[in-house]
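Student: what would the 3D arrangement of this be:
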Amino acid sequence: MAKLVVEVLDASDLMPKDGHGSASPFVEVEFEELRQRTSTKHKDLNPSWNEKFVFNIKNPREFSNQTIEVFVYNDNKQGHHKNFLGRVRISGVSVPFSESEAMVQRYPLDKRGIFSNIKGDIALKIYAVHGNINGFQAESFQPPEEVFQHVNNVENPSHHHHKATESTPLQEINTNKLDDEYLYKENPDKSKKKKKEKEVMTFYSLGTGSGGPAAGPPPPPAEKPVSMEARTDFAKAGPTPAASVMQMQFAGQKPDYGLVETRPPLAARMGYWGRDKTASTYDLVEQMNFLYVNVVKATDLPVMDISGSLDPYVEVKVGNYKGVTNHLEKNQHPAWHKVFAFSKERLQSNLIEVTVKDKDIGKDDFVGRVMFDIADVPVRVPPDSPLAPQWYKLENKKGEKINHGELMLAVWMGTQADESFPEAWHSDAHNVSQLSLASTRSKVYFSPKLYYLRAHIISAQDLVPSDRGRLPDTFVKVQIGHQVRPTRPSQMKHINPEWNEELIFVVSEPFDEYIIISVEDRIGPGKDELLGRLIIPVREVPQRVETSKLPDPRWHALQRPSFADEEAEKKKESKFASRILLRLYIDAGYHVLDESTHFSSNLQPSSKHLRRPNIGILEVGILSARNLLPMKAKDGRTTDAYCVAKYGNKWIRTRTLLETLNPRWNEQYTWEVYDPCTVITIGVFDNCHINGKDDVKDQRIGKVRIRLSTLETNRIYTHFYPLLVLSPSGLKKHGELHLAIRFTCIAWMNMVIQYGKPLLPKMHYIQPISVRHIDWLRHQAMQIVAARLSRAEPPLRREIVEYMLDVDYHMFSLRRSKANFQRIMSLISGISYVSRWFDGICYWNNPLTSILVHVLFLILVCYPELILPTIFLYLFVIGLWNYRFRPRHPPHMDARLSQAENVHPDELDEEFDTFPTSRPTDMARMRYDRLRSVAGRVQTVMGDLATQGERAISILSWRDPRATAIFIIFALIWAVVLYVTPFQIVSVLAGLYWLRHPKFRYKLPSVPVNFFKRLPSKSDMLL
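Tutor: Just a heads-up that it's a prediction; the model follows:
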């Protein structure tokens, strides 16, 4: 009897469901109304079962039409309750009938409905055999009735008890094509299914070369799963086979990836009627009130230790929140200068207790305290000057004044507009150590000012090779920091070589690096000999602004290379006079690209003398986020979120809000705008360094890009933006970011003139840099910016900078290639629409429209001076009409445009693969064959375009003497006819012929088309 074997191996990255950041998962496998269950793995989001289940296949002929269902649940309350963690449906047509052909597959867990919050995947090995399986017998597992009854009330039981359908599942058509196009057949009995039941989609990988999964030779068994290492993401995919059947289920409705417009109570919208006008400082965020306590210093503290001194520190306590200063050893007059900020909405007490304590080995000693009533605290609103701190006498625990000890404090109520807000200790970070506190604060960073440095290597003289009897094969290697570039070997193989080659590097202020120029002789493969070296400080290199005169080249004496001691003594008497001719200068007229030009935020030249004045101000209010995913669920924690925004050379970082999935920042920042055609990037990250860990990376939650030219002037945009992240396991929505944006123009005329100026400084057009060099220089600029910002305090780490600058944007991605192809097709669709409309006019589909077009054509022929005014008036009317349908929202990340909603897992694995690849040979071979197939089609299209162009050129080239003779004779005849016939008559006859009625048309191609297709091309000359 045929048996179905289902091996449940493991699962990863499951959704925590027990309310404590974890889950106790178990798996239920259902086939032909029989259900079997694994054991429960307690408190494990990455469980491993390695259990095997065997089912009897009653009718093997109908097995391909049946479905295996695998459910993952969270076990709560000792088996009396379970939560849904995801499910997988596998069609029987994808199950091999041999254990040797079966391979371990990782299936992404699917949601039950649009509101389900599911993530993770499960590893299964499924195959069918005949007879017994190592003594296993298929047994049905019937859970207790009360369990299913409770699930029916909680978990929507329609997914648990439905029977396997008897219809043909969705199948791939012609899997022999290596083009990632998956065709499906719809179920003919779809109308008989329940409306809410999801459709199962089974798709196959590209490794099979036949029409079905069992026709080709079986793939080799996988001895060990292949681990997928992400290139730019921190999530990891599980084992993925090279050539196998893949299965995924697509939900009927996609999650909401669009914008959500909001109306928060912002001062900028509500106006200042009845409100404090000082709210205008932060009018794009909701006002948040904080209780500030500034602990300045203490004096004349009493002696608490045997040594005659004390180690004092201050503890500020409001309710359950407690902030502590650093302790100062043996100091009776300490100074701390530390500010504490407590959120007013979270205050749990009416008293502020400021206590001075003495640090001791065991229990800290009480020195004295000062108590305040929150109702008596004054309110300070900027631009008022800071509150002056005052001296307060310390009290004992009974409230009595003590003889020694005073504490200088300042206590006030303020908002996030207070100048003490960025540097203050915040109550939402009360459990962070003093060492990690700096990584939670908000900061503003500035990128280093970058320049291009050109090194023109001209020639060298009097080189001294070690082997005088051999002609030297010399080249020059230039190094600036981590940038190393060699010249080509000189064509003149002697001691006075010439190169005449220019190299470009990226340098940054304050120019504290050195240029190391080495002249080397290539003795053999991989073996070079140093002939001389030159070291020049970058600060000594002159600057060139725009097209000013180039600096004159200069001769520089090379330093003698350091040989071994024995050789050095032999050459002491010989004179070393080698020198090199160089032209070094810093080009300050360029803009150094550190991000892609498609979404660049800064287009200003490096020289401050060439920069244009600003045309406006961009204000961004980072309000809050909602529905964030718990990024630290494996550690039993949620998310410690912060935002980073980048525009121009200014970066900002908000404070980190700990242990919350709905953080509220309410921080506002301002940038000067010099060009409206620029983009601001805002990213959200999970802080992984609050516990002093340095070997971890901050996890990305998502980012938003907004082009300023799409914003209306002086309008406030408040929206929730979806935070989408593409990982090896697919597209995930990690939450939504709430932003308020306003673009204010301060120079209308300058902004209008800006649209007519070049996008980049004019040096990019006068003396352009090649695309190959631009890509290399952009990478070097990114490395310099990331290295400089990662050394700030708190550091803006390298993974953050690379994600914000899209360091891997230019890497190959089949998904992105499809997206660009769809963009091209959408453009062509407009032309196609006009062509179809014109064909409808020619074929008289709408007689009235055809008559009107004929009349308009005759009017334009009779009055040709109306052609251009009519065209421009038509464009004006179209633009005015489209104003009613203008976009009301700023642009955002479009998942559908990016082809990220239903992307194939193999394409994602290829996109996140390292460079060079780290995948197995058979997988790399399969992807290479797929790329060859796609490139073959592109090659065919390019060949067809070249053929049409060569046919047009061959008309007068006498490549086909008869065709050229026919053409020139007809050209002569037409020249005579057109000379004697008025142009308007010719235009009328040609137009009427073109718009002729279908009765006068033929289905065969016209004579000019037939003549053109017969012209020769060079395609027959290719090998």
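
Student: out of the helices and strands in this protein, which is least certain?
Tutor: strand 245-247 (a mean of 34; mean pLDDT, DSSP states H and E).

Student: so, low pLDDT: which residues of the stretch 301-450 of the chain?
Tutor: Within the stretch 301-450 of the chain, no range satisfies pLDDT under 70.

Student: what segments of it are strands?
Tutor: Using DSSP state E, counting those that start in this stretch, the strands of the stretch 301-450 of the chain run over 312-318, 321-324, 335-343, 351-358, 365-373, 390-395, 401-415, 425-426, 443-446, 450-461.

Student: need the ones you listed in a markdown table with mean neighbour count and distance to residue 300, can you?
Tutor: Where you see a C-beta, it was placed from the backbone N, CA and C, and this is true even at glycine. Below are those laid out as a markdown table (neighbours: other Cβ atoms under 10 Å; distance: least, Cβ to Cβ, whole Å):
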| stretch | mean neighbour count | distance to residue 300 |
| --- | --- | --- |
| strand 312-318 | 23 | 12 |
| strand 321-324 | 19 | 22 |
| strand 335-343 | 20 | 13 |
| strand 351-358 | 20 | 12 |
| strand 365-373 | 17 | 11 |
| strand 390-395 | 16 | 10 |
| strand 401-415 | 18 | 5 |
| strand 425-426 | 23 | 26 |
| strand 443-446 | 15 | 37 |
| strand 450-461 | 21 | 54 |
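
Student: got these as TSV, with distance to residue 270 columns?
Tutor: Below are these laid out as TSV (distance: least, Cβ to Cβ, whole Å):
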stretch	distance to residue 270
strand 312-318	30
strand 321-324	31
strand 335-343	23
strand 351-358	32
strand 365-373	32
strand 390-395	36
strand 401-415	16
strand 425-426	27
strand 443-446	28
strand 450-461	43
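
Student: starting at the chain centroid, how far to stretch 733-746?
Tutor: 18 Å (Cα atoms, centre = their mean, to the nearest Å).

Student: buried set for it?
Tutor: Along stretch 733-746, these residues count as buried under the neighbour rule (16 or more other Cβ atoms under 10 Å): 733, 734, 735, 736, 737, 738, 739, 740, 741, 742, 743.

Student: contacting residues for the last one?
Tutor: Contact partners of residue 743, counting by Cβ atoms under 8 Å, 6 or more residues apart in numbering, are 616, 617, 618, 619, 673, 676, 708, 711, 712, 713, 714, 715.

Student: which SS state does it fall under?
Tutor: strand (DSSP: H, G, I helix; E, B strand; the rest coil).

Student: please name the nearest non-neighbouring residue to it.
Tutor: Spatially, and ignoring its direct neighbours in sequence, residue 743 is nearest to residue 711 (4.5 Å; Cβ to Cβ, 6 or more residues apart in numbering).

Student: how many residues are close by that neighbour?
Tutor: If you count neighbours by other Cβ atoms under 10 Å, residue 711 ends up with 20.

Student: tell me the mean pLDDT for the longest helix along the chain?
Tutor: When the chain is parsed with DSSP state H, its longest helix is helix 921-953. The average pLDDT for helix 921-953 rounds to 88.

Student: show me what the closest residue to residue 554 other than its chain neighbours bridges to in the sheet.
Tutor: Leaving aside its sequence neighbours, residue 554 sits nearest to residue 582 (Cβ to Cβ, 6+ apart; 6.3 Å). Beta-bridge partners for residue 582, by DSSP bridges, are residue 457, residue 554.

Student: pull out the buried positions in stretch 783-798.
Tutor: Residues of stretch 783-798 classed as buried: 783, 784, 785, 786, 788, 789, 794, 795, 796, 797, 798 (neighbour count, 16+ other Cβ under 10 Å).

Student: quickly find the element holding the fifth one.
Tutor: When you say that, I think you mean residue 788. helix 771-789 (DSSP states H and E).

Student: next, the angle strand 450-461 makes with that helix.
Tutor: 120 degrees (axes from the mean of the first three to the mean of the last three Cα atoms, to 10 degrees).

Student: the nearest residue to residue 701 once chain neighbours are set aside: neighbour count?
Tutor: Leaving out its chain neighbours, the residue that sits closest to residue 701 by Cβ to Cβ, 6+ apart is residue 684, at 4.1 Å. The criterion is other Cβ under 10 Å. On that basis, residue 684 has 27 neighbouring residues.

Student: confirm that residue 684 sits in a strand.
Tutor: Yes. Counting by three-state DSSP, residue 684 falls inside a strand.

Student: hmm, it is touching residue 640, no?
Tutor: No. The criterion here is Cβ atoms under 8 Å, and residue 684 misses it with residue 640 at 11.2 Å.

Student: what ranges do the strands span in the stretch 501-650 of the chain?
Tutor: Using DSSP E, counting those that start in this stretch, strands in the stretch 501-650 of the chain cover 514-524, 527-537, 543-544, 554-557, 579-587, 616-626, 641-647, 650-653.

Student: what sits against the residue nearest to residue 743?
Tutor: 717, 741, 743, 890.

Student: in stretch 810-824, what counts as buried?
Tutor: Using 16+ other Cβ under 10 Å as the test for burial, stretch 810-824 gives 813, 814, 815, 816, 818, 819.

Student: contacts for it?
Tutor: 180, 231, 596, 775, 897-900, 903, 907-908, 910-911, 915, 930, 934.

Student: same check, this time on stretch 551-559
Tutor: Contacts for stretch 551-559 (Cβ under 8 Å, 6+ apart): 456, 458, 460, 517, 519, 531-536, 542, 544, 577-585.

Student: bridged to the spatially closest residue to residue 31 that is not a sequence neighbour, which residues?
Tutor: Setting aside the residues directly before and after it, residue 31 is nearest to residue 55 in space (Cβ to Cβ, 6+ apart), at 4.6 Å. Per DSSP bridges, the residues bridged to residue 55 are residue 4.

Student: and residue 55, what's its pLDDT?
Tutor: Reported pLDDT for residue 55: 90.

Student: that one is in contact with residue 32, isn't it?
Tutor: Yes. Residue 55 is in contact with residue 32 according to Cβ under 8 Å; the separation is 6.7 Å.

Student: ok, these two, which is more surrounded?
Tutor: Each of residue 55 and residue 32 has its neighbours counted (other Cβ under 10 Å); residue 55 has more, 22 against 19.

Student: got a list of what the more buried one touches?
Tutor: By Cβ under 8 Å, 6+ apart, the contact list for residue 55 reads 3, 4, 6, 29, 31, 32, 34, 36, 138.

Student: roughly how far does it sit from residue 986?
Tutor: As judged by Cβ to Cβ, to the nearest Å, residue 55 and residue 986 stand 81 Å apart.

Student: please name the nearest non-neighbouring residue to residue 806.
Tutor: Nearest to residue 806 is residue 596, by Cβ to Cβ, 6+ apart, at 6.0 Å.

Student: re the thing from before, just the contacts of residue 55 now: which is nearest residue 318?
Tutor: Distances from residue 318 to the contacts of residue 55, taken as Cβ to Cβ, are shortest for residue 29 (54.5 Å).

Student: what's the local residue count around that closest one?
Tutor: That count, for residue 29 with other Cβ under 10 Å as the rule, works out to 24.

Student: what about it, which helix or strand?
Tutor: Secondary structure (DSSP H and E) places residue 29 in strand 25-31.

Student: before we move on, what about residue 890?
Tutor: Applying DSSP H and E, one finds residue 890 in no helix or strand.

Student: list the contacts for it?
Tutor: 259, 706, 707, 710, 711, 717, 719, 741.

Student: now render these as TSV, adding distance to residue 699.
Tutor: What follows is the contacts of residue 890, written out as TSV (distance: Cβ to Cβ, whole Å):
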residue	distance to residue 699
259	24
706	23
707	27
710	30
711	30
717	28
719	24
741	25
